[in-house]
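Undergrad: Quick one, fold the following:
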Amino acid sequence: MKIKSVKLREAHKGSSNASFCSISWDLHAHHLVTASSSEPSISIHDPLLPSNPTRVLRHHRDGVTALALSPNSTCLASGSIDHSVKLYKFPGGEFETNITRFTLPIRALAFNKSGSMLAAAGDDEGIKLINTIDGSISRVLKGHRGPVTGLAFDPNGEYLASIDSIGTVIYWELQSGRTLYTLKGVAPDIGSDTSTLNALSWSPDGETLAVPGLKNDVVMYDRDTAEKLFTLRGDHTQPICFLSWSPNGKYMATSSLDKQVLIWDVNRKQDIDRQKFDDRICSMAWKPIGNALAVIDVMGKYGLWESVVPFSMKSPTEDIPSSRSKNNNGLLFFDEEDQELSMSGSLSDLGEDNHGESEPPSRKRLRKQSAIDDDQHEDVYDELSFPKTESRKKVHRGDKENSDKQKDGLRSMMAFRPKMQEAFQPGSTPPQPGKRHFLCYNMLGSITTIKHDEYSHIEIDFHDTSTGPRVPPMTDHYGFTMASLNENGSVFANPCKGEKGMSTLMYRPFSSWANNSEWYMRFEDEEVRAVALGATWVAAITSLNFLRIFTDGGLQKHILSLNGPVVTAVGFKDELAVVTHVSDCLPSNEQMLEFRIFNISKGTQPFKGRLPLTPGSYLTWFGFSEEGQLSSYDSKGVLRVFTSQYGGNWLPLFSSSKERKSGENYWVVGLNASKLFCVVCKNPDSFPQVLPKPVLTLLNMSFPLALSDLGEEALENEFMLNNLLLSQIQKRIEGMAGEGLDTTSLDDEAFDIEAAQDRCIFRLIASCCNGDKLVRAIELVKLLSVEKSVRGAIQLATALKLPILAERFNNILEERLGSKTGVSTSLPSSKHVPSIKADTATERSEISEPIISSSSAKLSAPLFKRKAKSSDGVKFGKQKTDGDQTANLEDRTAGPSHANTVKEEKKLQVQRPSNPFLKSTVK
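TA: Coordinates of the predicted model:
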């Protein structure tokens, strides 16, 4: 047999002693990744041009002992002697996170087929299953009695196989975390030599597990029964230390302590080629495209064995099998032969080779399923939870026919597969034969359509007909299924249609100085999934995950690639918000969504992050408030508003479970600073009809607060809402000031809210005093912004005969005034306090407002100051007066008690105006 020479080049210097080194290809064979346990760095090589500079990642503090690339080659994981597991973007190499840590060195890493789970193990003896989406530890598997040196996920998504340094192999059932089989002493005992690690590997079709044997051979085990099938035994004179299947599973490469690498024809059980090296080869990787094998030895030298399989034989990358598990996440498993993916852009399919349909079940397969009721199907689980290997084998051998019947029965009882949410347009309703339906319904107006035989009839209506333009009806020959509307124009799109299968995008401005100002765009082999409009731009997101941005005149300005399939998109002035999938659903049927906010005029992306949803829900509405706050509403009825606080977070501002009556559903239209606009639909309807015209309902915002020991949830909610409004206005003021615009009106608005916040805080202070929550009262006094309010709090504490609290209030006031005025403020004497009866609760509640002298000075540094007076108008539900704003704090004793006020607030009925848009203009 002809001996081929493989030239090795140095990748890692390390020490003069042997060390374990790793090597791995990316999906498209564009990069080779290497690492050594003697160096804390990772090297990314260009195999086409080895002379090019190597990209080096230096984030570990000690030698790198394990590497793993996600199936789509977008994520690189590394484990080290420094006990950490790190994630990087690939191929750029940008450090992402320390996803987990161990107490001892890591020896093995492995991704499941979808890349959503990473298994990590080492000298700790435990195996961690890590959810790569959120970094959580899904499960810890314990059963080994020695360092775990090898891990391999079953390509079909049911099992994890592991091997340790003393030669024990364990089959784990991922669904339950149970040990299925423990094969003791089947592999060599490598002792304490960390330059050699036991390894194991599943065949690409998932039918066979390959394990190094005790007789310098490879032993093949059945996936379901762990029975020994056959061995590969040849000219290795010492134990095998590494093995690797070819991409199509027809060949195997094995390396041994005898410094030989053998290539095997697995079906014939014969070695077909070999190579002798100067040092032990400790890791190998078949090239995913072509006919080559990458190798690295214990001295850190790597090379490429070209034409590893003779040309007279089938290529190692020809006829690659497809496993049954097309789209699992490594936690829950379903029979996917009878299921279809909910959308074509599934992230878990990126970079995976799927040739046709899944293969039929193996000859003796027992299917697992996750949603069988334990009580109803206890007998089925008895068959599936074999406690011992021997009993499992007996069942398989003696009851093959029963097994097939069980398999069919289990398949029929399968729970439905969690599906990724389809793309939708906010404010749209499903088409109904013979009826009009909404293509778009927002705070400005609506777009409706009705389908006739060969065309559709589209109408655009504005809620406020006195300000909106009159738009003539449109005959639609394209079959538009989505639309978006703003004050400048409307955009329409349809899916692929006609013989050429082209998708169409059309923009129609409402006014233009030029004739024929509307424009069209056509997309071949690409389908528009979502559209959005801004002040001067049009956006379309397509089935190729392209974000296409056009000017309102039709100029193609930008094309960006998104991370996943689009769910929805909305626009507001210069901002575009897009929601996409980041992965398949979790086993709990939770959608894994991501949002991005783009500033189109500046060409920036201010925010990006996960979109939170209520567990088990999906997104039903997404949009901007009238003030420009990004908001979302899910199928569980929770409204969230995005705020820049804490680096960007979503605040839950409404829950329909506390508001709606039995048999009602809320269909969201939009919101402003204090109200949610929706249409109330009666069960079983979840969306409104075009006729009769929908009636809008205004609902108050409210945080989902815990039940307070004071019983003042209404005041605490008002306090938090005011804080949110102030932060939003402050952000808008900063933005306008940065652009050199006048902020007078916003300053006045902020001043009003600040004054209302002081009144709210004062009522909370009164409740704290009455409820003996004095520490909380001090915290609240520190939040007051007007000196009159602080003085009123001092008088309140004095009147309630709480001298120590009044003294602390006075100290707070002195601290705030002393630095600038140097004036010492004394406690108010009793003659300034009206007579009260402390033992009467009703009379105590009457002093829940401050009693303030008109001569008192203002605080040293109020947050906002009034710049101008507004003649009329309501801001955030509070009427302005002609007097000084702080005079509102003087009117105290004449009003009703705080308790009566709260009762009246609770009795307010939900308003249902026929057209609330007449009082608000769209900016």
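
Undergrad: separation between the residue nearest the centre of the chain and Leu593?
TA: Against the mean C-alpha coordinate of the chain, by CA atoms, centre = their mean, the closest residue is Arg610 at 3.6 Å. Here the criterion is CB to CB, to the nearest Å. By it, Arg610 lies 7 Å from Leu593. (Glycine included, C-beta is placed from N, CA and C.)

Undergrad: Could you look up the SS state of the residue nearest to Asp265 when sequence neighbours are not counted?
TA: In this structure, Asp265 finds its nearest non-sequential neighbour in Ile272, 5.2 Å apart by CB to CB, 6 or more residues apart in numbering. When classified by DSSP: H, G, I helix; E, B strand; the rest coil, Ile272 comes out as strand.

Undergrad: now Ser767
TA: Going by three-state DSSP: Ser767 is helix.

Undergrad: for Thr798, same thing?
TA: Thr798 - assigned by three-state DSSP - is helix.

Undergrad: now do Asn72
TA: Asn72 ends up coil, using three-state DSSP.

Undergrad: Distance-wise, check it relative to Asn563.
TA: Using CB to CB, which is the criterion applied here, Asn72 is 11 Å from Asn563.

Undergrad: Can you pick out the residue with more neighbours from those two?
TA: In terms of neighbours (other CB atoms under 10 Å), Asn72 is the more surrounded of Asn72 and Asn563; the figures are 18 against 14.

Undergrad: Quick check, that one in contact with Lys113.
TA: No - using CB atoms under 8 Å, Asn72 makes no contact with Lys113, being 10.2 Å away.

Undergrad: Without its sequence neighbours, what residue ends up closest to the residue nearest to the centre of the chain?
TA: Nearest one to Arg610, counting by CB to CB, 6+ apart, is Glu594 at 5.8 Å.

Undergrad: Alpha carbons only: can I get the one helix or strand the one you found maps to in PDB?
TA: Assessed by DSSP states H and E, Glu594 sits inside strand 593-599. Extracted in PDB, the C-alpha atoms of strand 593-599 (Å, rounded to 0.1, in the frame of the first residue of the first chain):
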ATOM      1  CA  LEU A 593     -37.600  36.800  19.700                       C
ATOM      2  CA  GLU A 594     -35.100  39.600  19.300                       C
ATOM      3  CA  PHE A 595     -35.800  43.300  18.600                       C
ATOM      4  CA  ARG A 596     -33.700  45.900  16.900                       C
ATOM      5  CA  ILE A 597     -34.200  49.700  16.800                       C
ATOM      6  CA  PHE A 598     -32.600  51.400  13.800                       C
ATOM      7  CA  ASN A 599     -32.200  55.200  13.300                       C
END
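
Undergrad: for that strand, packing partners?
TA: strand 575-581, strand 604-610 (3 or more CB pairs under 8 Å, 6 or more residues apart in numbering; DSSP states H and E).

Undergrad: same thing but at 10 Å, please
TA: Counting contacts by 3 or more CB pairs under 10 Å, 6 or more residues apart in numbering; DSSP states H and E, strand 593-599 is packed against strand 546-551, strand 556-561, strand 566-572, strand 575-581, strand 604-610, strand 619-624, strand 630-634.

Undergrad: Quick check: Leu576 vs Ile597, distance?
TA: 7 Å.

Undergrad: between the two, which one's more packed in?
TA: Leu576 (23 against 18).

Undergrad: Tell me which residues touch the more buried one, please.
TA: By CB atoms under 10 Å, 6 or more residues apart in numbering, the contact set of Leu576 is 532-534, 537, 539, 541, 547, 549, 569-570, 596-600, 605.

Undergrad: How about Ala569?
TA: Contacts of Ala569 (CB under 10 Å, 6+ apart): 423, 425-426, 484, 529-533, 539-541, 547, 562, 576-580, 595-596, 598, 622.
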